[in-house]
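> pasted the sequence and its predicted model underneath.
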Amino acid sequence: MSGQGSDAVAAATVAAGAAVSTPEATGAAGGRRRRGAGSRGALGPVGLVLAGGLSVQFGGALAVTLMPRAGALGVVSIRLAVAALVMMAVCRPSLRGYTRADWGTVLAFGTAMGGMNALFYQSVDRIPLGPAVTLEVLGPLALSVLASRRLINGLWALLALAGVFLLGGSGFGGLDLSGVAFALGAGACWAAYILFSAGTGRRFPQADGLALALVVAAVLVLPFGVADAGGALLDPVTLALGAGVALLSSVLPYTLELIALRRLPASTFAIMMSLEPAIASLAGFLVLSQALTAVQAVAIALVIGASFGAVRTQVGRRPKGAEGEPVASGGI
């Protein structure tokens, strides 16, 4: 992994320490901020989520090109192992001072992360990248509907869901059913990842919890990767490409999203994840030469509109009542 990539990870890790950790900690200050300043501050976590989405989808496209060398589970193993080593070296997390509940959260976070990666890579080994991400994103969309307490967020989620089905509607009938099942399973793990990622960010400083969860995920997946790829995992070219996948698909996006979730509500984050099919389609076009149809382009417009509509809805939320609703909570 390049020094520049390591510097980027270190910078993101340091930034996590300065991020707002809880809504309660920012409620009073947020209420005193000017409207313009609060709106500008909202762009921070939103930008982090979008950057993470670009990184993970282009990393996923690169991973597809690597699968003939090492197999789906082999690629996942390299990705998670390299990411865990980098994050442990950067964060050097302390193993003391945590409760059993803290470690349980990390274990659950790592398990969700490992399952999400393993199932998704099994899916893209059987069906195209765009439809796989389209099916996977149903998990976060379902979470957004269940977690949100506002009717408008449910409406944005329904609009995004319509775009997701439109995006994949032309091809779902001919897809490998096992690939579809793997993608749906990855979506369920993705929803769990969102919840446990937020909990880990609250319990551990900076990105320490992320580093520890990556170790858990790598340990869980590695035996399956060895069984799938065998000696191919030791090939220098495969390892180098796998390290690039790890940087793009694990280290950068997981760190950026963990920082964002300190300030962004889980329901809003989940709706923003509906951008992933659009980003995946772009990555598939540029890296894998997978062209978009007119119907898919319309679907992408619906998904993007719903995602940004959800974000703008949260931006417009102001303090209410005597206790107040923090303007800066969730980074919005």
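Cool, the structure landed.
> next one: phi and psi at Leu264?
Main-chain dihedrals, Leu264, degrees, to the nearest 10: phi -110, psi 130.
> distance check, it against Ala240.
Leu264 sits at a distance of 34 Å from Ala240 (criterion: Cβ to Cβ, to the nearest Å). Every residue, glycine included, has its C-beta placed from N, CA and C.
> which of these two has more neighbours?
Leu264 (26 against 11; other Cβ atoms under 10 Å).
> was I right about that one contacting Pro45?
Yes: distance between Leu264 and Pro45: 4.4 Å, which falls inside the contact criterion (Cβ atoms under 8 Å).
> just checking, what packs against the helix or strand encompassing Thr238?
Using DSSP states H and E, Thr238 sits in helix 236-246. Using 3 or more Cβ pairs under 8 Å, 6 or more residues apart in numbering; DSSP states H and E, the elements in contact with helix 236-246 are helix 35-70, helix 72-91.
> from the chain's centroid, how far away is the first one?
A distance of 8 Å separates the C-alpha centroid of helix 35-70 from that of its chain, computed with Cα atoms, centre = their mean, to the nearest Å.
> re earlier: what's the least confident stretch among the helices and strands packed on helix 236-246?
Among these, helix 35-70 has the lowest mean pLDDT, at a mean of 75.
> avg pLDDT for the helix holding Thr238?
88.
> what of stretch 205-221?
Stretch 205-221 comes out at a mean pLDDT of 91.
> give me the contact list for that stretch.
12-14, 16-17, 73, 76-77, 80-81, 83-84, 87-88, 90-91, 93-94, 105-107, 109-111, 113-114, 117-118, 196-197, 200-201, 203-204, 250, 254-255, 258-259 (Cβ atoms under 8 Å, 6 or more residues apart in numbering).
> and for Ser94, the neighbour number?
10.
> does it belong to a helix, a strand or coil?
Three-state call for Ser94 (DSSP: H, G, I helix; E, B strand; the rest coil): coil.
> and it, what pLDDT?
88.
> how far away is the closest residue to it other than its chain neighbours from Gln57?
Using Cβ to Cβ, 6 or more residues apart in numbering and skipping residues adjacent in sequence, the residue nearest Ser94 is Asp208, 7.2 Å away. The gap separating Asp208 from Gln57 is 26 Å, by Cβ to Cβ.
> the two - which one has more neighbours?
Set Asp208 next to Gln57 and count neighbours by other Cβ under 10 Å: Gln57 wins out with 27 against 23.
> wouldn't that one be in contact with Thr134 here?
No: at 12.0 Å, Gln57 does not count as touching Thr134 under the criterion of Cβ under 8 Å.
> anything in contact with each of the two?
With Cβ under 8 Å, 6+ apart as the test, Gln57 and Thr134 both reach Ala280.
> burial count for Gly139?
So Gly139, with other Cβ under 10 Å, has 24 neighbours.
> what separation do you get for the residue nearest to Ser94 and Leu234?
Taking Cβ to Cβ, one finds Asp208 at 30 Å from Leu234.
> same question for Phe285.
Using Cβ to Cβ, we find Phe285 at a distance of 33 Å from Leu234.
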